[in-house]
Structures are given as C-alpha cells and as structure tokens.
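Trainee: what follows is a predicted protein model with its sequence.
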Amino acid sequence: MADLTSILSLATSLAFAASLGTSNTSTNNQDKATGARQFASPADSWPGCPAPPLYRTDPRGYTVGLAIDIGATSQRQGVPDPFISLGGSITIEAATVDTSTVSDLRGRESSIRLNGIPQKATARIEGDPLTGSQRISLDIPRGSLQTVSARVTWPAIAFSIGVDEPMAAKVTWPREWTPEVAKFLAPSQGIQSENELFKAFVAKTTEGRLRRTPIFLAAKDLVRRTIMEFQNVDSQTLVREGQGTIRGFRLQGALASTQALSVTPGDMVCTCVAVLRAAGIPARPVIGIYSGSGSNPDTKLPKDRRTLCVWAEFNLPGCGWVPFDPYEMRGRGLPQANINQPWKWFGTIKQMNRRVALAYDFAPFNHGVTCDWPAGWVWTVAGQTTAPFRLVDATAPLMVSRGQIRP
C-alpha cells in the first residue's frame, strides 16, 4: 500500500519549491461568507506553494488513483471475442503540483490483469512534474485479450484554499503570460474558446472595460454571467453513476452547451473555461476525486461516497491557480451578489482539501482516445480483431484518506 513517505519528502528534497511561490506568516481569519480561513498557516513548505493573495491550509493526505476495466460485449458460443491482438497502452494523467493538490508519482503503485490473469505492470512516467502534471502509461502486451484491468495509485495532498480578495483585486494584467500558463489560453477538446460566440459574449459582458478591470474581478464577473446563462442543469454529470459503475463524464462541450436545453456540471465547467480563455485569462478544467467525507455539508456532491468530480481554475498572474466550481456556485444568489465580497465556491474554498486533482483535460495530452465518455484517461491500441463487438469500459475512483498532515 502506497503511503505518504515519498510526498512528505518533497518539502525538503525538491529545491524548486521556493521558486514556485512563497508563503507569508499571517493570522487565520474566518470568512463568514464562505466558512474558510482566508489566510494560511505560517509554514507552507510544500511544492507549488502559491504566492499571496492565494493561501492554502489544512493539508490532508490521500492515496488516490484509478481502476480501469475494459471488455467487449460481443460473444460467440459463450466466449468473448478477443479485441486486442497487437498490444497498446492505457494512459492516465496525474496532477503533480497545483495550488490545491500536490502529488508525488515516485510513490506510485500499479497493476494490470489480462483476461483476469495478473501480469507484470510496466508503468512509464512521462513529463516534467514542474509543469503541473505527468503522464502514467501502462503497456498492454501483444496477445488475444477479452478483458484488461489496470490499477494505478499514488500519494497526494489536498489543501483548503483561501484568497485575500481585496489584495487579489489589486493584481494587474501581465504584459505576457509565462509559457507554462499561456498554453491554457488555447482551445482544446470540448472548449472551443476561439469561436466568435465566446468572444462576442466577453465583449458584451465587459462593455470594453476588460483590460481596465482587475483580472480577479473580471474573471469573477465573467464566471457569474456565464453561469446565469444556463437555465436547466442536470446534476448527473457522470454516465451510469447511479448503478455504481462510472463510464465517464457526460459532456456536450462548450459550444454545443450554449444551445442545449439542458447541460451538466461538466458542460458548465467547459463553457466557463472557454469564456475565460476568450477573454485572455488562462483557465482549465480539473477532473478530480471527491472523498465524500467532511464536516461541512455545503456541497451538492453525494455524501459518504467517493466519486469523480469536476471544477475549474484560472490563473492569477504571479500568484497561482484560483479554483472555482460553477455548479456549486449556481443557485446562491449570484445575480445580486456584490463582486467585492467573497462568493461561496469561488477562490476561497475550505472543502478543496476533500478533493484531489487528477487531470487538466478530459482527454489527457491528446494521447490516444476515450472509449465512450472521458474520465481522465485514454488508451491506444496497436491492432484489433475484425470481429464485431462493442467495447465497454468502467472507471472506479480510488481514494484512501490518510488524515491531516503537517510539513
């Protein structure tokens, strides 16, 4: 069983921690509107520590990951047809360094079963952890296969997030974004931010005052106006969640969602991200796992049940990534909300230490394909049989709480 040993060593073994942000000593003030402390504990030596006005506190340790099962529905004479003959790979994204999540893939554990028989798992780690995410690829050997079952876990830490909003409202627009942040301005699968519809929405909403408005307040109002555009929201963002089997996220994408009669929380995230990108603000969706526990009941996610969830982040220049959850924000009096006051589920979110980020894209890295609905992983197949069949996949979030931890 993976533990927190490797990730606990990050604070001392990774010299880049200081370069990713600094933490100031300050008091812990309770925000009446959000229930979260806006200021962090004095010592935050974890990698990816944000700079003020972003603060994090109350770190909780977890072992997280995904269990993935792939099979075929077609059968002849009671025996499933083989669907893979020339091998391939399953690829999972893992968020490594973020405002709300720190993971260390050195502590990963993986396993794979082919036709129900355990095999030696070869997991390749690709990418620089300093970029914020890495890729875990498990090779599928050559052979005639009916079922593939893969499991990958790693240690992670999740934090509560606080924002000093008066200070955040003084952060100015940058002359240019750093390369690692600027990539989240580009359109991506399901987030068609280059479309004129989103550019027109930004122009209408900001009335030509976008660059004269502090970036934090501009993002806040754009998210509010986007949420207000949706009339019917289906809370069931996961396909077949009710039967206990997760197939993935039910998504139409940002562009289709603007004309849909009903959308899902995932669609709301895609649309908010598209609007922010169209406004020149780097933003990204976040696929994660919710622990289902915690003393604060102020969430629309299921209680006492681990599940996949989705939220969004935008970048506050020179400070870090600011989380927000448009589905949780909906129905909380947004039309009349004072933009200079804290809003629940925007920026300051005490419950973020009950969520661990997995992926920043519904189809990570454009590496491979999803079987049906995206769930933070993709796969590639070098060759398939010609027998008619339909692939069926299931994704199970893995999350074991290790409780509160200290640097």
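Mentor: Great, that's in hand.
Trainee: from here on, just use CA atoms for contacts and neighbour counts.
Mentor: Will do.
Trainee: the nearest residue to residue 321 once chain neighbours are set aside sits in which helix or strand?
Mentor: Distances taken as C-alpha to C-alpha, 6 or more residues apart in numbering put residue 315 closest to residue 321, at 4.4 Å, once the chain neighbours are dropped. Following DSSP states H and E, one finds residue 315 within strand 307-316.
Trainee: quick one: strands adjacent to that strand?
Mentor: Sheet pairing here is set by DSSP bridges, and for strand 307-316 it gives strand 283-290 (antiparallel), strand 320-324 (antiparallel).
Trainee: which stretch among those strands comes nearest residue 358?
Mentor: Closest approach to residue 358 among the strands paired with strand 307-316 (C-alpha to C-alpha): strand 283-290, 4.8 Å.
Trainee: ends of stretch 139-152, what's the gap?
Mentor: 13 Å (C-alpha to C-alpha, to the nearest Å).
Trainee: now find how far off-centre that stretch is within its chain.
Mentor: 26 Å (C-alpha atoms, centre = their mean, to the nearest Å).
Trainee: so which bits of that stretch are buried?
Mentor: Residues 139-141, 144-152 are the ones in stretch 139-152 that count as buried (16 or more other C-alpha atoms under 10 Å).
Trainee: among these, which two are most distant?
Mentor: 144 and 152 (23.0 Å).
Trainee: neighbours of the closest residue in space to residue 263 that isn't next to it in sequence, how many?
Mentor: Using C-alpha to C-alpha, 6+ apart and skipping residues adjacent in sequence, the residue nearest residue 263 is residue 233, 4.9 Å away. Neighbour count of residue 233, defined by other C-alpha atoms under 10 Å: 16.
Trainee: what does the one 5 residues further on give?
Mentor: Residues within reach of residue 238, counting by other C-alpha under 10 Å, total 23.
Trainee: strands of the stretch 101-250 of the chain, start to end?
Mentor: 101-103, 109-114, 117-119, 123-126, 133-140, 147-163, 238-239, 248-249 (DSSP state E, counting those that start in this stretch).
Trainee: now the ones you listed as TSV including distance to residue 302 and mean pLDDT?
Mentor: TSV is the format used below for these (distance: least, C-alpha to C-alpha, whole Å; pLDDT from 0 to 100):
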stretch	distance to residue 302	mean pLDDT
strand 101-103	21	93
strand 109-114	28	91
strand 117-119	33	90
strand 123-126	32	88
strand 133-140	27	88
strand 147-163	19	93
strand 238-239	12	86
strand 248-249	16	86
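Trainee: can you redo the strands paired with strand 307-316 as JSON lines with mean pLDDT?
Mentor: What follows is these, written out as JSON lines (pLDDT from 0 to 100):
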{"stretch": "strand 283-290", "mean pLDDT": "95"}
{"stretch": "strand 320-324", "mean pLDDT": "96"}
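Trainee: pick the most deeply packed of those.
Mentor: Highest mean neighbour count among the strands paired with strand 307-316 (mean count of other C-alpha atoms under 10 Å): strand 283-290, with a mean of 26.
Trainee: so how far is stretch 110-119 off the chain centroid?
Mentor: 28 Å.
Trainee: er, stretch 59-67 actually
Mentor: Worked out by C-alpha atoms, centre = their mean, stretch 59-67 lies 13 Å from the chain centre.
Trainee: for stretch 140-157, same thing?
Mentor: With C-alpha atoms, centre = their mean, you get 21 Å for stretch 140-157.
Trainee: ok so, going back, tabulate the strands of the stretch 101-250 of the chain in CSV, adding columns for distance to residue 329.
Mentor: What follows is the strands of the stretch 101-250 of the chain, written out as CSV (distance: least, C-alpha to C-alpha, whole Å):
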stretch, distance to residue 329
strand 101-103, 21
strand 109-114, 36
strand 117-119, 44
strand 123-126, 35
strand 133-140, 27
strand 147-163, 16
strand 238-239, 19
strand 248-249, 20
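Trainee: run the angle between the top strand by length along the chain and strand 109-114 for me.
Mentor: Ordering each strand of the chain by length in residues (DSSP state E) puts strand 54-72 first. Note on geometry: by axes from the mean of the first three to the mean of the last three C-alpha atoms, to 10 degrees, strand 54-72 and strand 109-114 are set 20 degrees apart in direction.
Trainee: okay, strand 54-72 in PDB with CA atoms only?
Mentor: Written as PDB, here are the backbone C-alpha positions of strand 54-72 (Å, rounded to 0.1, in the frame of the first residue of the first chain):
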ATOM      1  CA  LEU A  54      -3.600  33.000  -2.500                       C
ATOM      2  CA  TYR A  55      -3.100  30.900   0.600                       C
ATOM      3  CA  ARG A  56      -3.600  27.300   1.500                       C
ATOM      4  CA  THR A  57      -4.000  25.500   4.800                       C
ATOM      5  CA  ASP A  58      -5.300  22.300   6.400                       C
ATOM      6  CA  PRO A  59      -3.400  19.800   4.300                       C
ATOM      7  CA  ARG A  60      -4.900  16.300   4.100                       C
ATOM      8  CA  GLY A  61      -3.100  13.200   2.800                       C
ATOM      9  CA  TYR A  62      -4.600  10.600   0.500                       C
ATOM     10  CA  THR A  63      -3.700   7.600  -1.700                       C
ATOM     11  CA  VAL A  64      -5.500   8.200  -4.900                       C
ATOM     12  CA  GLY A  65      -5.800   6.800  -8.400                       C
ATOM     13  CA  LEU A  66      -8.000   5.000 -10.900                       C
ATOM     14  CA  ALA A  67      -9.100   1.400 -11.500                       C
ATOM     15  CA  ILE A  68      -9.900   0.900 -15.200                       C
ATOM     16  CA  ASP A  69     -11.700  -2.100 -16.800                       C
ATOM     17  CA  ILE A  70     -12.100  -2.700 -20.500                       C
ATOM     18  CA  GLY A  71     -14.000  -5.500 -22.100                       C
ATOM     19  CA  ALA A  72     -16.200  -6.400 -25.100                       C
END
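Trainee: now residue 238: closest residue in space, sequence neighbours ignored.
Mentor: Spatial nearest neighbour of residue 238, chain neighbours left out: residue 249 (4.6 Å); criterion: C-alpha to C-alpha, 6+ apart.
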